[in-house]
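*Asks:* return a 3D structure for these sequence lines:
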Amino acid sequence: MFEKFLNLPRFHKRVISVAADSVALFLALYAAFSLRLDQQLWVPTREHIVVSGLTVIFTIAVFIRLGLYRAVIRYLSDRAFITVFSGISVSAVTLILLGYWLEVLVPRSVPVIYAALAFIFVSGTRMTVRMLVHRPRYCNKQFVAIVGAGETGLQLANALDQGTEYHPSVFITLLKGNHRALINGIPVYDISYIERAVKEHRIKRLLLALDADSGIDRKRLLKKLEPLAIPVQTVPTMSELVAGQARINDIRDLEIEDLLGRNPVQPDNAQVAASLYGKAVMVTGAGGSIGSELCRQIILHRPSRLVLFDQSEFSLYAIERELQAINHIEGLRVEILPLLGSVTHRRRCEAAMRSFAIETVYHAAAYKHVPLVEHNLIEGVQNNVFGTFHVAEAAIAAGVKRFVLISTDKAVRPTNVMGASKRMAELVLQGLAQRQSGTIFSMVRFGNVLGSSGSVVPLFRDQIRDGGPVTVTHPDIIRYFMTIPEASQLVLQAGSMGQGGEVFVLDMGEPVKIADLARKMIHLMGLMEKTDERPDGDIEIVFSGLRPGEKLFEELLIGDDPQGTAHPRIMMAREVSMAWDEVEQTLNRLMRASHEFDCLEILEILKTAPAGFAPNSGVADLVWCNGNQERLSEAWKAGKVRRLPLG
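*Replies:* So this is what the prediction gives:
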């Protein structure tokens, strides 16, 4: 029956509302006279009926004029009750005036009693309907606690109340003074009572809704929430809400920054802006995780043109579309030029730089997945070493003013070909910086980038959602971490600071133990780790062993005496370099070995260069190992190569 009423056309619902209000007003008038005249069965006179009828008709007209019947009852707000109060007040005054004009006895207290009863009846019917509408949805909702009792938390509670998935049962406050308060009828608990709140209110999920200016230490907060083994999620930031990129009730998994528990490095925006505004900028590898974020940040500084250079057609198409949308929405008027091409083709790179008068190049194109480069050694060297060399030479020939290489912490005392190739790329640029002065070369080196392709966080998240196990290579493996936006900001900052040949590194704080990161993610997704001591746990962590070329810990500096810069969190490495003649000889040897497809020789060349390369395994190139069985056998006996299961 009630469902039938809810499914009626809007006009029919309004007619029913008018009829219900008419009955309620007549009852209020009758009750007011009965109470005042102290008669259990008061019989109204003809004059009283006329006054009452006119009062009700006039009141309904006022309600219509005030828009009461346009309000949707299930979404009724405080403003509707103000409308009811205003209409009833006018109605009471009307009753007094009609009694006076028609000379009908209306005791002075009757309008007051009538107004009180009418407000209760009219608003009460609406509250009852609203409660009945929300009752089924309320029963089917999941009970959640909102961590943060500020403006963001209140907005989230209101949004969830209108939704169909979650019911905000509790606020968790970080201010002891708010303990046991009520906000919108929802109880508030201090963070120290969170276990009790979770049990008493049957909480199934925790939602972080912290105000941007709250100054809360998220690392300490998550440490308190982790033992509860309840899923912890968050809501969009205020900047995303203001930009229209998300809604307050867009619940999502914890951000990578929350898992890291460290403050991101803030760039000097004025210095970065001065180096990009009105300039012609080119980004190689523009479709990759780092390259695409660089493009997003560069375009906001309004360069005159932004050239996107990538060999992947789809990646280039995707980032070009995204940037064109930003360009249009923000009214930036930046000329965006998508170019297909490989960094190993010097003439293509030089032609692009000359055609568009490029002033700054950010070189992000590289193969960076350690095991894949180990298994595809020749391509790794060609792309990372010679790709950098060709783009750099093209930049010199085209008169580019600044060239910034995106490097990696794996270039420090590398144990894998990927790291050695990136260190070799650094040495190439340092040699070119000595050879000429027209183009300023600088490099920026940072740790693992979370959220990029192949990053552990999305991998762990998918494994946990699939029921496990979570695979970690070694129980003691540690890494430095940073987010893609933070890494990109550092690259832009270094690009504006470089004077020629510098290697910039970031003070990234304490490294993170990968196994601990996996456990934290398991707990914060509301699950328990499965161990020998807890066989009934949900997700098991399995240690698969170090991959080819992988080491237990990474470093950011080769030397121990970094030099400070104008930015408090950015250092400049003091490291060995090669004279250009030595660099050129090494490149020639590498090129010959690559043409001959001699992987053993390539490893020997990389080991003799001042790159600190100390491989922890032999040749792992899949094609070379499979096609050089006799030589492989000899090299294996000499301890130079590691056999691989190829079948």
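*Asks:* surely residue 27 touches residue 120?
*Replies:* No. Residue 27 lies out of contact with residue 120 (Cβ atoms under 8 Å); the separation is 10.4 Å. Every C-beta, even on glycine, is put in place using the N, C-alpha and C of the backbone.
*Asks:* so for stretch 286-296, mean pLDDT?
*Replies:* Stretch 286-296 comes out with an average pLDDT of 90.
*Asks:* got the CA coordinates for it in CSV?
*Replies:* Taking Å, rounded to 0.1, in the frame of the first residue of the first chain, the C-alpha atoms of stretch 286-296 are listed here in CSV:
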residue,chain,number,x,y,z
ALA,A,286,54.6,11.5,-22.4
GLY,A,287,52.2,8.6,-22.2
GLY,A,288,53.9,6.9,-19.3
SER,A,289,53.1,7.2,-15.6
ILE,A,290,55.8,9.8,-14.9
GLY,A,291,55.6,11.5,-18.3
SER,A,292,51.9,11.9,-18.2
GLU,A,293,51.9,13.5,-14.7
LEU,A,294,54.7,15.8,-15.8
CYS,A,295,52.5,16.9,-18.7
ARG,A,296,49.5,17.5,-16.3
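*Asks:* give the contact list for residue 21.
*Replies:* 59, 60, 63, 122, 125 (Cβ atoms under 8 Å, 6 or more residues apart in numbering).
*Asks:* per-residue confidence at it?
*Replies:* The model reports residue 21 with a pLDDT of 79.
*Asks:* remind me which helix or strand it belongs to.
*Replies:* According to DSSP states H and E, residue 21 maps onto helix 10-37.
*Asks:* which parts of that helix are buried?
*Replies:* Counting neighbours by 16 or more other Cβ atoms under 10 Å, one finds that the buried residues in helix 10-37 are 13, 17, 21, 24-26, 28-34, 36.
*Asks:* next one: stretch 603-622
*Replies:* Residues of stretch 603-622 classed as buried by neighbour count (16+ other Cβ under 10 Å): 603, 605-606, 609, 611-613, 615, 617-621.
*Asks:* which of the residues you listed lies closest to residue 151?
*Replies:* Using Cβ to Cβ, residue 612 comes nearest to residue 151 of the buried residues of stretch 603-622, at 52.3 Å.
*Asks:* if I look at that closest one, how far off is residue 386?
*Replies:* Relative to residue 386, residue 612 is positioned 20 Å away (Cβ to Cβ, to the nearest Å).
*Asks:* same thing with residue 484?
*Replies:* 26 Å.
*Asks:* and residue 287, which of the three is it?
*Replies:* coil (DSSP: H, G, I helix; E, B strand; the rest coil).
*Asks:* so it sits against residue 308, correct?
*Replies:* Yes. Counting by Cβ under 8 Å, residue 308 is a contact partner of residue 287 at 7.4 Å.
*Asks:* who touches both of these two?
*Replies:* Taking Cβ under 8 Å, 6+ apart as the contact rule, residue 287 and residue 308 both touch 316, 319.
*Asks:* tell me the contacts of residue 523?
*Replies:* Residues near residue 523 by Cβ under 8 Å, 6+ apart: 226, 227, 229, 529.
*Asks:* SS state for the closest residue in space to the second one that isn't next to it in sequence?
*Replies:* If you skip the residues right next to it in sequence, residue 227 has residue 523 as its closest partner in space, 7.2 Å away by Cβ to Cβ, 6 or more residues apart in numbering. For residue 523, the secondary structure call by three-state DSSP comes out as helix.
*Asks:* would you mind measuring from residue 523 to residue 225?
*Replies:* For residue 523, the distance to residue 225 equals 9 Å [Cβ to Cβ].
*Asks:* what is the burial count for residue 307?
*Replies:* Number of residues near residue 307 (other Cβ atoms under 10 Å) recorded here: 23.
*Asks:* does it touch residue 352 like I think?
*Replies:* Yes. At 6.4 Å, residue 307 and residue 352 qualify as touching, with contact defined as Cβ under 8 Å.
*Asks:* mutual contacts of the two, please.
*Replies:* 282, 339, 358.
*Asks:* am I right that the first one falls within a strand?
*Replies:* When you say that, I think you mean residue 282. Yes. With three-state DSSP as the criterion, residue 282 is assigned to a strand.
*Asks:* skip the chain neighbours and tell me the closest residue to it.
*Replies:* Nearest residue to residue 282, sequence neighbours excluded (Cβ to Cβ, 6+ apart): residue 307, at 4.1 Å.
*Asks:* quick one: buried residues of stretch 592-599?
*Replies:* Judged by neighbour count using 16+ other Cβ under 10 Å, the buried positions of stretch 592-599 are 593, 594, 598, 599.
*Asks:* got CSV for those residues, with distance to residue 93 too?
*Replies:* Below are those laid out as CSV (distance: Cβ to Cβ, whole Å):
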residue, distance to residue 93
593, 99
594, 95
598, 101
599, 96
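*Asks:* which one of those residues is nearest to residue 292?
*Replies:* Distance to residue 292, by Cβ to Cβ, is smallest for residue 594 among the buried residues of stretch 592-599, at 29.0 Å.
*Asks:* could you double-check that that closest one lies in contact with residue 601?
*Replies:* No. Assessed by Cβ under 8 Å, residue 594 is found out of contact with residue 601, at 9.2 Å.
*Asks:* tell me where the stretch 1-150 of the chain has strands.
*Replies:* Taking DSSP state E, counting those that start in this stretch, the strands of the stretch 1-150 of the chain run over residues 142-147.
*Asks:* residues near residue 105, how many?
*Replies:* Other residues near residue 105 come to 12 when the count uses other Cβ under 10 Å.
*Asks:* which of the residues in stretch 296-303 are buried?
*Replies:* Residues 296, 297, 298, 299, 301, 302, 303 are the ones in stretch 296-303 that count as buried (16+ other Cβ under 10 Å).
*Asks:* from the contacts of residue 523, pick the one nearest residue 195.
*Replies:* Using Cβ to Cβ, residue 227 is the member of the contacts of residue 523 that lies nearest residue 195, at 8.6 Å.
*Asks:* doesn't the closest one belong to a helix?
*Replies:* Yes. Secondary structure of residue 227 (three-state DSSP): part of a helix.
*Asks:* report pLDDT for it.
*Replies:* The model's pLDDT for residue 227 equals 78.
*Asks:* quick one, phi/psi of the closest residue to residue 388 other than its chain neighbours?
*Replies:* Once flanking residues are discounted, residue 388 sits nearest to residue 425: 4.0 Å by Cβ to Cβ, 6+ apart. Main-chain torsions, residue 425, degrees, to the nearest 10: phi -60, psi -40.
*Asks:* which residues touch residue 425?
*Replies:* Listed by Cβ under 8 Å, 6+ apart, the contact set of residue 425 reads 366, 384, 385, 388, 389, 405, 407, 411.
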